[in-house]
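J.: Sequence first, then the predicted structure, then my questions.
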Amino acid sequence: MSPIGADPYNIVTGPDGNLWFTALTGNYIGRITPSGMVTEFEVPTAGAGPLGLAVGPDGHLWFTEVWGHQIGRITVLGAITEFAIPTPECHPRGIVAGPDGNIWFTQWTGNQIGRMTMAGVVTEFPIPTPLSEPFTMVRGADGNLWFNEANGNKIARISP
């Protein structure tokens, strides 16, 4: 499996039926087939720290780069594209596909929620709670996107 120190973090079932995971300190995205075969795809930015992972509406997997301050996309064949985020040093963490056909993500030190189109265009939404440190994000049954404010001691939502 993964080398010692890879720090596997998030895992999802991909559109291809395989399990996909982020390796935070290993700096790669991993794929595990149902038979247990593991393939590692190195993230192009050295030390990027892939963390959050979600299947996008486009059939690709999208991930946050917590230390690279970017959003990445990987195809089921392993081709990776990276997208810049307007706010530098924002430490993106949680990521989810929204009901509006976009990718949504939290910005830990940026204190914002980001929305990215499939073309890579980013819009940022500031969180009213100062220094709230948003971390995880999920899509709710109500059509909203819910996230935690770790330092703000709150659960919050944003409407797409």
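T.: Thanks, I have the structure now. A quick note: this is a predicted structure, and the numbers were derived from the prediction, not measured.

J.: Report back the residue of the chain that's furthest from centre.
T.: The centre of the chain is farthest from one residue, Ser35, which by C-alpha atoms, centre = their mean lies 26.0 Å away.

J.: Below-threshold pLDDT in the protein: ranges please.
T.: Residues of the chain that meet the criterion pLDDT under 70 lie in 1-4.

J.: If we use 50, what do you get?
T.: Residue ranges of the chain with pLDDT under 50: 1-2.

J.: Disregarding flanking residues, what is the spatial nearest neighbour of Trp20?
T.: Nearest non-adjacent residue to Trp20, counting by C-beta to C-beta, 6 or more residues apart in numbering: Gly14, 4.6 Å away. Every C-beta, even on glycine, is put in place using the N, C-alpha and C of the backbone.

J.: first vs last residue of stretch 94-102, how far apart are they?
T.: Stretch 94-102 has an end-to-end distance of 14 Å (C-alpha to C-alpha, to the nearest Å).

J.: quick revisit: quick check: the residue farthest from the centre of the chain vs Ala23, distance?
T.: Distance check for Ser35 against Ala23: by C-beta to C-beta, to the nearest Å, it reads 20 Å.

J.: Then Thr136?
T.: Taking C-beta to C-beta, one finds Thr136 at 18 Å from Ala23.
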